[in-house]
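A.B. asks: Generate a structure from the sequence data that follows.
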Amino acid sequence: MSINGNLEVDNTGTANFRINQDIEIGGNLIITGGIYSLCYNLTRTLTIDGNVSVTAGTIAFGGVQSTGINGTIRVAGNFTHTGGYITNYGTIGIGTLIFNGTYNGTTGMQTYTSGGTVG
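C.D. replies: Prediction:
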């Protein structure tokens, strides 16, 4: 599935927001509240052509249903994590964050800005 613009998760309450398929976001992923669950019962990949911003809320990797369900996020831009959580969902599954932007030795260097909780 492709999303041509940005995907913004603002407030899911206590529910998880998830799209049960691999996704490519042509813009940015912005999480300001709620829970974005990358996987549920199948391994999934989220490809982001822009930046990721997590200021509150949660990005949850990993599966809920069984072990071996792993989430991967591929980011071409910068990753800003100044609040909220990056975590596995429960204790099963593995989360992988891949920085896959283009750096030519002068421009295009990707940055990770921390400040939130990883766990």
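
A.B. asks: Now do stretch 62-79, average pLDDT.
C.D. replies: Mean per-residue pLDDT for stretch 62-79: 81.

A.B. asks: Show me what the helix or strand of the chain with the lowest mean pLDDT pairs with in its sheet, parallel or antiparallel.
C.D. replies: In the chain, no helix or strand scores lower on mean pLDDT, DSSP states H and E than strand 16-17, which sits at a mean of 84. Applying DSSP bridges, strand 16-17 is found paired with strand 35-37 (parallel).

A.B. asks: quick one on the thing from earlier: check which residues of whatever helix or strand comes next after the least confident helix or strand of the chain are buried.
C.D. replies: Per DSSP states H and E, strand 16-17 leads on to strand 23-25 as the next helix or strand towards the C-terminus. By 16 or more other C-beta atoms under 10 Å, the buried positions in strand 23-25 come out as 23, 25. In short, each C-beta sits where N, CA and C put it, glycine included.

A.B. asks: how much distance is there from strand 23-25 to the middle of the chain?
C.D. replies: 11 Å (C-alpha atoms, centre = their mean, to the nearest Å).

A.B. asks: Please name every helix or strand in contact with it.
C.D. replies: strand 2-3, strand 44-48 (3 or more C-beta pairs under 8 Å, 6 or more residues apart in numbering; DSSP states H and E).

A.B. asks: what separates the following helix or strand past it from the chain centre, distance-wise?
C.D. replies: Next along the chain after strand 23-25, taking DSSP H and E as the criterion, comes strand 29-31. Centroid displacement of strand 29-31 relative to its chain, using C-alpha atoms, centre = their mean, is 8 Å.

A.B. asks: Strand 29-31: partners in the sheet, and parallel or antiparallel?
C.D. replies: strand 7-9 (parallel), strand 52-54 (parallel).

A.B. asks: Now stretch 44-57: average pLDDT?
C.D. replies: Rounded mean pLDDT across stretch 44-57 is 94.
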